[in-house]
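Novice: with the input below, show me the fold.
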Amino acid sequence: MTYMPRILDPLIREALDSSGAVVLRGARATGKTESALQVAATVLRLDSSSPRARLAQSSPETALEGETPRLLDEWQLVPGLWNEVRHAVDRRRAPGQFILTGSASPDEDPLRHSGAGRMQSLLLRTMTLYETGHSTGEVSLARLMSGREPELAESGVELAGVVERLVVGGWPGWFDVNERRARARMESYIQDIVEHEYATVAGGRRDPRRFRAYLVALAGLVSQGASQAAIVRRMQEEYSGALGPAAPAVLHDLAERLFLVEDQPAWSPRLRSASAAAQAPTRHLADPSLAAALMGAGSRRLLTDPETLGFLFESQVVHDLRVYAQSVGARGVFHFRDTKGRDEIDAVIEGADGSWLGVEVKLGQARVDEAAANLLRVAGKIERPPSGLCVVIPVGVAHMRPDGVSVVPLSVLGP
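Specialist: Take a look at the predicted model:
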């Protein structure tokens with residue numbers, strides 16, 4: 001199988017040049033091992049039954065022997081390996097010694113050192129539309145963040161094609177199959193996660209039906225600032241067992257440790273502000289296709305339900321912006337909502353220098369005027385002026401409006 005280059009690839013190489021070890025995190029099937037293999041000299045798959053993998057269980061230090069960079073795949077399966085890697089990095093005093101990949105974050109161990117200063121952590125998300133070849137990438141996020149006018153670029157796909165991408169997803173193993181096969185793969189993936197991966201982080205006595213109910217509830221609230229109470233109400237539609245008030249927080253922690261959820265935090269224009277911490281995050285799953293599968297929604301159904309489609313499309317936009325922002329060294333992708341809930345911006349990408357780009361997400365041209373007016377109105381109330389404002393739509397022609405707001409189809413956007 002031909003390797004599909006990832007936007008994160010240069011960042012992995014840069015991290016190896018500067019750090020003793022690189023930790024590549026992400027949900028199962030996002031392509032962490034394949035990306036790591038592009039730069040690794042040797043590899044030990046710790047989830048295999050090989051003699052070296054079995055020996056590492058009792059003697060973790062034996063896993064470190066081999067030409068570097070040495071890939072230690074599914075490192076979290078070997079207790080004590082993290083500290084052995086840390087000690088080896090200290091002794092060798094050279095960059096690029098190890099790559100650790102894992103699809104589950106182990107529970108906090110008081111004896112496990114943080115690795116700060118020795119290990120650099122990178123998150124590999126599913127593929128963006130640019131990586132799968134469904135966006136031309138002619139308009140770069142870096143250009144938009146600098147305030148420059150976007151290239152006059154026209155998308156080469158129709159709305160139905162973008163909606164199909166929301167259902168198929170950006171999973172490297174099946175991003176190029178038809179929708180029917182992709183939906184079958186997603187259902188199998190969810191079942192495997194719920195019945196097997198969940199037990200690895202939660203313990204065998206936890207009820208997998210409750211975890212699935214939590215994921216279904218979150219899918220129905222994607223791209224929304226849902227409270228814990230709202231999640232409980234949704235869960236009760238799927239799960240008849242008892243649900244305590246702490247259940248959503250516990251299940252959310254477990255889902256985060258499996259990298260299945262990635263909340264979009266609130267943004268504050270000030271460096272030190274309590275208001276951002278008080279705002280609820282916007283909920284997102286690791287890939288919009290997860291939400292579509294959990295809701296049982298195919299592309300034909302979504303096209304008849306604009307409200308649900310709008311939430312899923314916004315989640316896809318935030319997903320792709322996160323990957324592009326990561327590649328240009330931005331601080332992150334946030335949402336903005338004032339304390340009274342009257343002024344909102346769907347996504348705020350903040351650069352390392354404090355500059356920011358405000359983004360509104362709409363399904364079509366009919367609501368672009370409304371979105372642009374909202375961006376200008378809200379940005380005018382923020383002390384720090386934006387470096388740019390942008391409305392992202394699925395398809396069409398990228399351009400800058402006379403009011404200075406850019407309009408960019410997701411199908412032409414890239415890093």
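Novice: centre of this protein to the edge, which residue is at the far end?
Specialist: Distance from the centre of the chain peaks at Pro51, with 34.8 Å (C-alpha atoms, centre = their mean).
Novice: now that residue: how far from Ser315?
Specialist: Distance of Pro51 to Ser315, given as C-beta to C-beta, to the nearest Å: 44 Å. Glycine gets a C-beta too; all of them are placed from N, C-alpha and C.
Novice: quick one on the thing from earlier: give the contact list for the residue farthest from the centre of the chain.
Specialist: If you count contacts by C-beta atoms under 8 Å, 6 or more residues apart in numbering, Pro51 has none.
Novice: do you know how far it is from Gln57?
Specialist: Distance, Pro51 to Gln57, using C-beta to C-beta: 11 Å.
Novice: check Lys362 too.
Specialist: For Lys362, the distance to Gln57 - C-beta to C-beta - is 52 Å.
Novice: so for those two, which sits in the more crowded spot?
Specialist: Neighbour count, other C-beta atoms under 10 Å: between Lys362 and Gln57, Lys362 has more, with 22 against 15.
Novice: ok, and the closest non-adjacent residue to the more buried one?
Specialist: Leaving aside its sequence neighbours, Lys362 sits nearest to Ala371 (C-beta to C-beta, 6 or more residues apart in numbering; 5.0 Å).
Novice: now for the helix or strand harbouring Glu360, which elements pack on it?
Specialist: Assigned by DSSP states H and E, Glu360 belongs to strand 356-361. For strand 356-361, the packing partners by 3 or more C-beta pairs under 8 Å, 6 or more residues apart in numbering; DSSP states H and E come out as helix 141-145, helix 306-327, strand 344-350, helix 368-379, strand 388-393.
Novice: list the residues that contact Met186.
Specialist: Counted by C-beta under 8 Å, 6+ apart, Met186 has contacts Gly169, Ser289, Leu290, Ala292, Ala293.
Novice: quick check: buried residues in the helix or strand where it lies?
Specialist: Using DSSP H and E, Met186 maps to helix 179-192. Within helix 179-192, the residues scored as buried using 16 or more other C-beta atoms under 10 Å are Glu179, Ala182, Arg183, Arg185, Met186, Tyr189, Ile190.
Novice: now do stretch 160-175
Specialist: In terms of neighbour count (16+ other C-beta under 10 Å), stretch 160-175 has its buried residues at 161-172, 174-175.
Novice: and stretch 223-234, by the same measure?
Specialist: Buried residues in stretch 223-234 (16+ other C-beta under 10 Å): Ser223, Gln224, Gly225, Ala226, Ala230, Ile231, Val232, Arg234.
Novice: could you list the low-pLDDT ranges of the stretch 151-300 of the chain?
Specialist: Scanning the stretch 151-300 of the chain for pLDDT under 70 picks out 204-205, 271-278.
Novice: may I have the helix or strand encompassing Ala160 as CSV, with CA atoms only?
Specialist: Taking DSSP H and E as the definition, Ala160 sits inside helix 159-168. Taking Å, rounded to 0.1, in the frame of the first residue of the first chain, the C-alpha atoms of helix 159-168 are listed here in CSV:
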residue,chain,number,x,y,z
LEU,A,159,-21.8,19.7,-2.3
ALA,A,160,-22.8,16.1,-2.4
GLY,A,161,-19.2,15.2,-2.7
VAL,A,162,-18.3,17.1,0.4
VAL,A,163,-21.2,15.5,2.3
GLU,A,164,-20.0,12.1,1.3
ARG,A,165,-16.6,13.0,2.8
LEU,A,166,-18.2,13.7,6.1
VAL,A,167,-19.6,10.1,6.1
VAL,A,168,-16.6,8.3,4.7
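Novice: on that earlier part again, and which of the buried residues of helix 179-192 is nearest Ile393?
Specialist: Minimum distance to Ile393 across the buried residues of helix 179-192 is 22.0 Å, recorded for Glu179 (C-beta to C-beta).
Novice: is it true that the closest one touches Ala297?
Specialist: No - counting by C-beta atoms under 8 Å, Glu179 does not reach Ala297; the two are 11.2 Å apart.
Novice: circling back: neighbour-wise, give me the winner out of the contacts of Met186.
Specialist: The most neighbours of any of the contacts of Met186, using other C-beta under 10 Å, belong to Ala292, which has 30 neighbours.
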